[in-house]
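Participant: Sequence first, predicted coordinates after that:
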Amino acid sequence: MNSPAPSIGRFLKQHLREYGMLMSLVIIVAFFQYATDGTLLQPLNLTNLVLQNSYIIVMALGMLLVIVAGHIDLSVGSVCGFVGALAAVLLVEYEWSVVPATLACLVAGAVIGAVQGWFIAWFRVPSFIVTLAGMLVFKGLALTLLQGQSVGPFPDTFQLLASGFIPDPLNGENVRMTSLLIGVAAAGLLLVTGWMNRRHAIRHEIAVEPFIVFALRQAAFAAALVGLAWLMASYKGLPNVLLIMAVLAIAYGFITSRTTLGRRIYALGGNEKAAKLSGIRTQRLTFLTFVNMGVLAAIAGLIFAARLNTATPKAGLGFELDVIAACFIGGASASGGVGKVMGAVIGAFVMGVMNNGMSILGIGIDYQQVIKGCVLLAAVFIDVYNNRR
């Protein structure tokens, strides 16, 4: 059976936003790699880049579902800071062990998401208002928990969440072979699953991308994974938090693209009335997207606190802006119903590479904010422009 693939030109035109953001990331990385005289992709800086953006990427996965469902969450930064403060109080002041303290923080995140989702789903209070109130409430509660002071340090086992690396039982001399083999295995798995998904689509007469585009995309991603693993393996290996991010991204990619729940979230954001008439329980679905957002904000709060090795009253300040920007830059639509997990991850790395590169170049935080604001406005403008065409 022949593949129902369109021509290359027509396919690229139809998927201009998706491939455009990927090319934008490549161009931005190349520019800062040149401008910083190779500092950007040095193993140490690359590791720092992953650690600095891990909590943003984790929250972007949840924010994507919220935006796709047609809502917004402005409270994620404050929830992140509040959970970090809660972890500090439990671990440092009350001397809880790591596992029960972590579980308590995740439950707290779920409860926060549930409360906000309850007001939004069943009382129809606009998500902008509910989460704006939540941003203020949990910022104040974090201050109350910490009594206006930083609390730390954390136990060593808790710090491993953000500062630990994959052990190397193979004992490579100059390269951590275990991390390198994990990267090679991930690249191989990517190639195999991509090929199987393409064959599955062709068998069911679903339109697929032209083979040359598919082959180039798969080869580029596989090469990037192996290259990333090689660079990190030449330093300390793969960070623990990178594996957490990868597992979450794969899980949410599967949920959004291959499950009924994912399709219903897209239907909810595309047209809530039509979704409700088709039998989808839209209120419960909205509620669950905010519960999920609360849990991911809690995970991000734990990662951020572990990375700093302390909880501070200002933790999480402005995180919501980077998280929302990552989703919109990655292709999510401001009107809901559109967005992909990979796009959110790419958007987060676009923001992260820009932050890191501009810091290396010595660009002040004032101009960094201006540049990031312009990039966000441009991304949303392109989305609105395409919708009107």
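Facilitator: Perfect, thanks for sending it.
Participant: Ala219 is in contact with Gly194, correct?
Facilitator: No: if you go by Cβ atoms under 8 Å, Gly194 and Ala219 don't touch, sitting 10.1 Å apart. For the C-beta atoms, the positions are set from N, CA and C on the backbone; glycine is no exception.
Participant: more crowded one of the two?
Facilitator: Between Gly194 and Ala219, Gly194 has the larger neighbour count (other Cβ atoms under 10 Å), namely 16 against 12.
Participant: So the nearest residue to the more buried one once chain neighbours are set aside versus Phe211, what's the distance?
Facilitator: Spatial nearest neighbour of Gly194, excluding adjacent residues (Cβ to Cβ, 6 or more residues apart in numbering): Gln218 at 4.9 Å. Using Cβ to Cβ, to the nearest Å, Gln218 is found at 10 Å from Phe211.
Participant: Now the residue nearest to Gly194: which helix or strand?
Facilitator: In this structure, Gln218 is located in helix 211-233 according to DSSP states H and E.
Participant: What is that helix packed up against?
Facilitator: helix 8-14, helix 43-68, helix 177-203 (3 or more Cβ pairs under 8 Å, 6 or more residues apart in numbering; DSSP states H and E).
Participant: For Val29, give me its contacts.
Facilitator: Counting by Cβ atoms under 8 Å, 6 or more residues apart in numbering, Val29 makes contact with 40-41, 353.
Participant: Then Arg264?
Facilitator: 275, 280, 285.
Participant: Would it be right to say that it lies in a helix?
Facilitator: Yes: assessed by DSSP: H, G, I helix; E, B strand; the rest coil, Arg264 belongs to a helix.
Participant: please begin residue numbering at 54 from this point
Facilitator: All right, first residue 54 from here; so that's Arg317.
Participant: pLDDT wise, what is it at?
Facilitator: We have a pLDDT of 95 for Arg317.
Participant: before we move on, the earlier item: distance of the residue nearest to Gly247 from Asn409?
Facilitator: 27 Å.
Participant: In the stretch 104-253 of the chain, where is pLDDT below threshold?
Facilitator: By pLDDT under 70, the stretch 104-253 of the chain has no low-scoring segment.
Participant: one more time with 80, if that's ok
Facilitator: In the predicted model of the stretch 104-253 of the chain, residues 225-226 satisfy pLDDT under 80.
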